[in-house]
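*Asks:* sequence and predicted model, in that order:
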Amino acid sequence: EGGRVRASPMCLLVWGLRQELRVVLLGRSGAGRSATGNTLLGEERFESHLASQPVTTTCSDGRRHWRRWCVVVVDTPAIFGGSQWDKQHLAEERKRCLEFAAHEPCVLVLVTQLGRYTREDREVCRRPSALCHPSTWCHASLSPLSFLCCPPGPAGAVCAAALPADTTTAVRRVPVLPGDGRGSTMRLLLVGKTGGGRSATGNTLLGRRVFESKLSTTPVTRSCKSATGHWDGEDIVVVDTADIFHLWNGSNEACREITHCIELSSPGPHVLLLVTQLGRFTQEDQEAVRGVQDIFGVGVFRHMVVVFTRGEELVGGSLHNYVTHTDNRALRNLIQSCWNRYCSINNRASGAERDQQVQQLMNKVRETVRENEGRYYSNELYLDPFLTEEKVRYHMEKAARPWGVLLDSLSYRRVLTKCGIILIVIALIFIFVLIWWKR
Ligand SMILES: Nc1nc2c(ncn2[C@@H]2O[C@H](COP(=O)(O)OP(=O)(O)O)[C@@H](O)[C@H]2O)c(=O)[nH]1
Ligand SMILES: [Mg+2]
């Protein structure tokens, strides 16, 4: 926690992308591995009771979702230190354990009893380096009990997980690893056509005027900008965007701002809010949706909520009625692509009314996050650690005219040379055949 785990930039990158986190429980017989596993999983997955013989005889696993991780907890028999099994069984179980641990990110957790750190525990600490791949070992959470009285070392963390109430503490301790450095902050990205009300919606969400928002014939937001806020005890980052969502025009400014937008919402937005005006879903809006798709890819609709500004104009009618009875096919298609997630907002509201608007919108945001099991959206632009404007340009050109890029990438000269040679050879063969036949 707090940077205690050392990792190379490559590990940081890889760990940031993986959604699965392995937690391998190690320890001597009777230390409480299975019970700790059950506490972490929140269910009685592993057999655990007091017995004169070891209860856990083979490696097994259980899963749960925790934040953006799928946590796989692996319970192991006492395969190190004072084992009572024959060599073949031990070798098999060590192999199985190795297979379970051969995964990144993987954390080895030493389970030991408070006040009973014995010779067998020390033996367990010494042995797994032979079991695990060095890359796993360097991130292991194995830690002697002395950590309880002195600060943990760079690769160690200590937590007490004996009580069910400590589950969250225990799980939180484990995945606060490189790649999760941005913690639980939820990133919201405002997208849509210029003048639709993105900046105004951002200000409403944050409860203060951070982004410039006014009626204008030219784009008001010149550059993408992010701001942080809190909602219901959670940190949020809201990214407001410049005029980048339109049909690709190849301008340097667009390249620069797309790169900026990716940087600000990195490692990826949890939810994209597609902002449009109620009752005015125009050709420009459709082009903006196409622009969003070109930048982020089709998968982005899974993380999108359609937000209708000027919600105050809904007097007397419901948004549901408006959306289901609209004759605007493009809008209906968009709502369908976004899994029917939409809501309205009145950015002119203040006080309790504003709070209610934010509550509604944030409920949709939470629903979206839940449906995506806490995962944020990512694509090749987010995954590139050395993103440049040139790479963005290539990405956009590929998205805007995929066949064009393919043809551009073919070397015309080489193709023409080869075709020319083949034609000359065919012509020569034909002439020789003709001469020979005439004789
Ligand atoms: N009446 C009303 N006006 C809004 C609402 N949301 C945005 N606006 C206005 O729409 C105009 C454009 O908004 P802005 O946030 O600058 O749009 P952006 O270009 O998408 O960022 C501004 O004059 C806003 O005050 C709303 O919910 N109700
Ligand atoms: Mg704006």
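*Replies:* Yep, it's here. Quantities reported herein were computed from a predicted structural model and do not represent experimental measurements. Ligands and ions are numbered 1, 2, ... in the order given.

*Asks:* so which bits of the stretch 201-350 of the chain are right by ligand 2?
*Replies:* Thr221 (C-beta under 5 Å from the ion). All C-beta atoms are positioned from the backbone trio N, CA, C, and that covers glycine.

*Asks:* at 6 Å what do you get?
*Replies:* Ser213, Val220, Thr221, Asp240 (C-beta under 6 Å from the ion).

*Asks:* ok, now which ones touch Ala330?
*Replies:* Phe281, Asp285, Gln286, Val289 (C-beta atoms under 8 Å, 6 or more residues apart in numbering).

*Asks:* what's the span of stretch 315-327, first residue to last?
*Replies:* 20 Å (C-alpha to C-alpha, to the nearest Å).

*Asks:* and that stretch, what's buried?
*Replies:* Tyr322, Val323 (16 or more other C-beta atoms under 10 Å).

*Asks:* and the residue nearest the centre of the chain, what are its phi and psi?
*Replies:* Centroid check for the chain by C-alpha atoms, centre = their mean gives Tyr376 as the closest residue, at 3.7 Å. Main-chain torsions, Tyr376, degrees, to the nearest 10: phi -100, psi 170.

*Asks:* I'd like the distance between the closest residue to it other than its chain neighbours and ligand 1.
*Replies:* Closest residue to Tyr376 apart from its sequence neighbours, by C-beta to C-beta, 6 or more residues apart in numbering: Gly268 at 4.1 Å. Using C-beta to the nearest ligand atom, to the nearest Å, Gly268 is found at 22 Å from ligand 1.

*Asks:* and Ser344, by the same measure?
*Replies:* 8 Å.

*Asks:* can you check Lys193 too?
*Replies:* Taking C-beta to the nearest ligand atom, one finds Lys193 at 7 Å from ligand 1.

*Asks:* ditto for Ala227
*Replies:* 13 Å.

*Asks:* so which bits of this structure are right by ligand 1?
*Replies:* 194-200, 213-215, 220-221, 275, 309-312, 345-348 (C-beta under 6 Å from any ligand atom).

*Asks:* filter those to the buried ones?
*Replies:* 194-200, 213, 220-221, 275, 309-311, 345-347.

*Asks:* show me those residues that map onto helices.
*Replies:* Judged by DSSP state H, these include Arg198, Ser199, Ala200 as members of helices.

*Asks:* right, and the last one touches Ser213 too?
*Replies:* What that stands for is Ala200. Yes: using C-beta atoms under 8 Å, Ala200 is in contact with Ser213, at 4.3 Å.

*Asks:* residues in contact with both of the two, list them for me.
*Replies:* With contacts taken as C-beta under 8 Å, 6+ apart, Ala200 and Ser213 have Asn347 as neighbours in common.

*Asks:* which residue does the stretch 251-400 of the chain have closest to ligand 2?
*Replies:* Val275 (9.2 Å; C-beta to the ion).

*Asks:* I'd assumed Tyr117 was in a helix, is it?
*Replies:* No: judged by DSSP: H, G, I helix; E, B strand; the rest coil, Tyr117 forms no part of a helix; its state is coil.

*Asks:* now for it, how many residues are close by?
*Replies:* 17 (other C-beta atoms under 10 Å).

*Asks:* returning to that earlier point: isn't the residue nearest to the centre of the chain right up against Phe296?
*Replies:* No: using C-beta under 8 Å, Tyr376 makes no contact with Phe296, being 11.8 Å away.

*Asks:* all strands of the stretch 51-200 of the chain, in order?
*Replies:* 60-66, 69-75, 106-110, 186-191 (DSSP state E, counting those that start in this stretch).

*Asks:* most tightly surrounded among the ones you listed?
*Replies:* strand 186-191 (a mean of 26; mean count of other C-beta atoms under 10 Å).

*Asks:* just name the shakiest helix or strand of this protein by mean pLDDT.
*Replies:* Sorting the helices and strands of the chain by mean pLDDT, DSSP states H and E puts helix 134-137 at the bottom, at a mean of 37.

*Asks:* on that earlier part again, wait, which of the residues of the stretch 201-350 of the chain next to ligand 2 is closest to Ile79?
*Replies:* Asp240 (54.0 Å; C-beta to C-beta).

*Asks:* tally of neighbours for that closest one?
*Replies:* 27.

*Asks:* one step back: most neighbours, which of the contacts of Ala330?
*Replies:* Val289 (26 neighbours).

*Asks:* distance-wise, check that residue relative to Val73.
*Replies:* 42 Å (C-beta to C-beta, to the nearest Å).

*Asks:* of all the residues in the stretch 51-200 of the chain, which ones are close to ligand 2?
*Replies:* Arg198, Ser199.

*Asks:* residue in the stretch 51-200 of the chain with the shortest distance to ligand 2?
*Replies:* In the stretch 51-200 of the chain, the residue that lies nearest ligand 2 is Ser199 (3.3 Å; C-beta to the ion).

*Asks:* make sure that residue is actually in contact with Asp240.
*Replies:* Yes: Ser199 is in contact with Asp240 according to C-beta under 8 Å; the separation is 5.2 Å.

*Asks:* what is in contact with those two at once?
*Replies:* Shared contacts of Ser199 and Asp240, defined by C-beta under 8 Å, 6+ apart, comprise Leu190, Phe211, Thr221.

*Asks:* got the contact list for the residue lying closest to Glu43 once chain neighbours are set aside?
*Replies:* Nearest residue to Glu43, sequence neighbours excluded (C-beta to C-beta, 6+ apart): Gly62, at 7.4 Å. For Gly62, the contact set (C-beta under 8 Å, 6+ apart) comprises Gly37, Leu41, Glu43, Arg45, Phe46, Val72, Val73, Asp75.

*Asks:* also Lys225?
*Replies:* Val210, Phe211, Val239, Asp240, Leu264.

*Asks:* may I have the phi/psi pair for it?
*Replies:* Dihedral angles (degrees, to the nearest 10) for Lys225: phi -150, psi 150.

*Asks:* do the same with Tyr342
*Replies:* Taking degrees, to the nearest 10, you get phi -150, psi 160 for the backbone angles of Tyr342.

*Asks:* how deep is Ala35 tucked in, by neighbour count?
*Replies:* Number of residues near Ala35 (other C-beta under 10 Å) recorded here: 18.

*Asks:* correct me if wrong: it contacts Ser48.
*Replies:* Yes: counting by C-beta under 8 Å, Ser48 is a contact partner of Ala35 at 4.5 Å.

*Asks:* doesn't Arg290 lie inside a helix?
*Replies:* Yes: under three-state DSSP, Arg290 falls within a helix.

*Asks:* what residues are up against the residue nearest to it when sequence neighbours are not counted?
*Replies:* Closest residue to Arg290 apart from its sequence neighbours, by C-beta to C-beta, 6+ apart: Leu247 at 6.6 Å. Shown in contact with Leu247 (C-beta under 8 Å, 6+ apart): Glu287, Arg290, Gly291, Ala400.
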